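J.: Got a sequence here, can you build the structure:
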Amino acid sequence: MTAEPATTVRSRLAAFFAVDDPWFRGAEVSRWDVVVGVGTFGLSAVTFEMSRSMGALESIGEPVWLQYLAVALGALLLVGRRRWPLTVAVLAALHMFVVGVTMPAVMGQLALQIVYFVAIFSGVAWSRSRRDMLVVMGGVVLFMFVWLAWTFAIGSGIDSIRESLGEDASRRPGLVSPVAASVVVTAVVNALYFGGAIIGGQVAWRGARQRARLADQARTIGEQSADLQQRAVLGERLRIARELHDVVAHHVSVIGIQAAGARRLLTRDPEAAARALASVEGSSREAVHQMRSLVGALREPTDARGAGAGDPTHRAPEPGLGDLPALVGEVSAPGLRVTYQLVESPEGAAAALPAALGLSLYRIAQEALTNVRRHSTAANASVVLRVERSARTPFVEVEVTDDGRPVPGSSGSGLGLLGVRERAASRRGQVDIGPRVGGGFRVRVRFPLQDVPTGDVVAQDEPASGAAVGGPR
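T.: Take a look at the predicted model:
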C-alpha cells in the first residue's frame, strides 16, 4: 500500500527536476562573470571590515590576511559558477565547512552566505546533466546536515555537563536549553537556505528551457513563414509564366494563320486579304496588351502573401467564359470552321461561376484550339461548355474536339498540355486528352462544383506539383 505513494512522489520529483531532459544551458566564463567575482569581493571586504569595526570578529584567533584570503576564495568561486556549476557548488560546500570549523564568525558573514547561496543556486540552474546535479546536490545537502547533527551532538554533550554540575533547569528562559534551541533554529534556517537555493535554481533552469523552446519555435515559425512567402512568389511567377505561354502561343498562331491566308488571297481577293490582315493587327495588339499586363505584374513589388501589389485588382480584367464566343470567332479562319455550344442547367449557371474558374476554362479552350491550328489537319473543331449545377454531383467542363490528324513533324514542346493538366490538378479536375475513336483529337477537362461558391469571386489559379505531363500536341 505504501509503494504507490512513494512511486508517485519519486516520479513527481523526477518530473520537477527534469531528470531525463537532454537540454542544457551552455555558457563560458565571460567578462560579466569576472565583474561579478570582483564586485562580490569588494562588497565582502567592505562588510567584513565593518563587522571587524563593530567587534564581531574579536573571537577569531587567525591572522587578518587569512581571514581576507577566505573571503577572496569565496568570491573567486563565482567567476566559474556558470562554466563549471557542479564543481563550484562542491567547492563552495567545502569552503563553508572548512571556514565554518576554523573561523565560524567569518563563515557567518552575510557576504559569504550570499556567495554560498549563489554557488548552490548556479549549480542547479546551470548544470549540464540533471542526474549529476541531483547526485551532487543530494551529497552536499546530506553532508551539511551531517555536520549539523554533529554540532547538535556536541550541544547535547554540553547540556549534559551543565546538568551534572547542578545547573537548575528552571532557570532556563524557554522550554529547551539555549544550546539546543540554537541548534534547532540553525537546522531550520539551513533547510530553508539550501532548499531555497536548490528549488530556485531549478525554477531558473526551467524558465531558461522554456525561453529556449519559445525562441526555437519563433525561429521555426519565421523559417516556415519565409518558406511560405517564397512558395507564394514562386506560385505567382509560375502562374504568370503559364498565362504568358498561353497568350503568346495563341496569338502568334492566329497571326501566322491569318498572315498565310492574306498572302494567298492578296492577288485574288484583296478584301478578304484585308480582313485577314486586320485580324492579324487585332491579334498582335491583343497579344501586346496581355503581355504588358503580365510583365507588369512581374515588375510590381510583392507583398507579404507573395502576390504582386497590383494583383489582381490593379491589372486589366482577365478573360472568362463570356469571351469564349469571341475566342472561337478569332480562331475560325478559311480552312478551319470552329463552333461553340453552351449547355447549362439551370439557365444562367455559367454566368454565376467564379472568375478564376472561368479563366481556367478559357485558357484550356484557348490552348486546345491553338494546338488544333498548329498541329492538326482538322477542317472542323468544336468547343462545348457544360455547366451542371442541378446534377447529383455538380460539375463544369469544357470539351474541344476536332476531326483532323497530327501534322507530321509538328510536335510541340508539351508545355501547353502540361499547363492544361496543372490547371486541372489545381482544382481537383479530371483530364481526358487523346485521340478519339472515330478520328480526331479531344481535350476535355471537368471540374467539380460541390465546393465552388456562386458569384463572381476573383481568385488566382495555383499550380499543382506532380502534375502529369501530356504528350506534345
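J.: Which parts of the protein are strands?
T.: Taking DSSP state E, the strands of the chain run over residues 337-345, 380-388, 395-402, 430-435, 441-448.
J.: Read off the pLDDT value for A249.
T.: Here, the pLDDT recorded for A249 equals 65.
J.: thinking again about what came up before, so can I have CSV of the strands of the chain showing mean neighbour count, mean pLDDT and distance to L148?
T.: For glycine as for every other residue, the C-beta is placed from the backbone atoms N, C-alpha and C. Shown next, in CSV, are these (neighbours: other C-beta atoms under 10 Å; pLDDT from 0 to 100; distance: least, C-beta to C-beta, whole Å):
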stretch, mean neighbour count, mean pLDDT, distance to L148
strand 337-345, 15, 92, 93
strand 380-388, 20, 94, 90
strand 395-402, 22, 94, 85
strand 430-435, 14, 91, 83
strand 441-448, 20, 93, 80
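J.: Relative to W205, which of those strands is closest?
T.: strand 441-448 (55.2 Å; C-beta to C-beta).
J.: chain center to the closest one: distance?
T.: 39 Å (C-alpha atoms, centre = their mean, to the nearest Å).
J.: phi, psi of R428?
T.: Backbone torsions for R428, taken as degrees, to the nearest 10, come to phi 60, psi 40.
J.: Need the strands of the chain in CSV (columns: distance to E49).
T.: What follows is these, written out as CSV (distance: least, C-beta to C-beta, whole Å):
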stretch, distance to E49
strand 337-345, 100
strand 380-388, 96
strand 395-402, 93
strand 430-435, 91
strand 441-448, 88
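J.: R130: which of these is closest?
T.: The nearest among those, by C-beta to C-beta, is strand 441-448 at 55.7 Å.
J.: between the closest one and strand 380-388, how many degrees?
T.: 10 degrees (axes from the mean of the first three to the mean of the last three C-alpha atoms, to 10 degrees).
J.: Could you point out which of the strands of the chain sits nearest W150?
T.: strand 441-448 (85.0 Å).
J.: Not counting the closest one itself, show me its contacts.
T.: 357, 360-361, 364, 367-368, 371-372, 376, 378, 393-402, 404, 406, 417, 420, 423-424, 427-436, 473 (C-beta atoms under 8 Å, 6 or more residues apart in numbering).
J.: in the stretch 101-250 of the chain, what spans have low per-residue confidence?
T.: 152, 154-174, 176-180, 233, 236, 239-240, 243, 245-250 (pLDDT under 70).
J.: Let me see the ranges of the helices in it.
T.: 104-107, 110-126, 130-164, 178-265 (DSSP state H, counting those that start in this stretch).
J.: Those into a markdown table, with extra columns for mean neighbour count?
T.: Shown next, in a markdown table, are these (neighbours: other C-beta atoms under 10 Å):
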| stretch | mean neighbour count |
| --- | --- |
| helix 104-107 | 17 |
| helix 110-126 | 22 |
| helix 130-164 | 15 |
| helix 178-265 | 15 |
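J.: sorry, back to before: and L86, which of the strands of the chain is closest to it?
T.: Once those are compared by C-beta to C-beta, strand 441-448 is nearest, at 65.2 Å.
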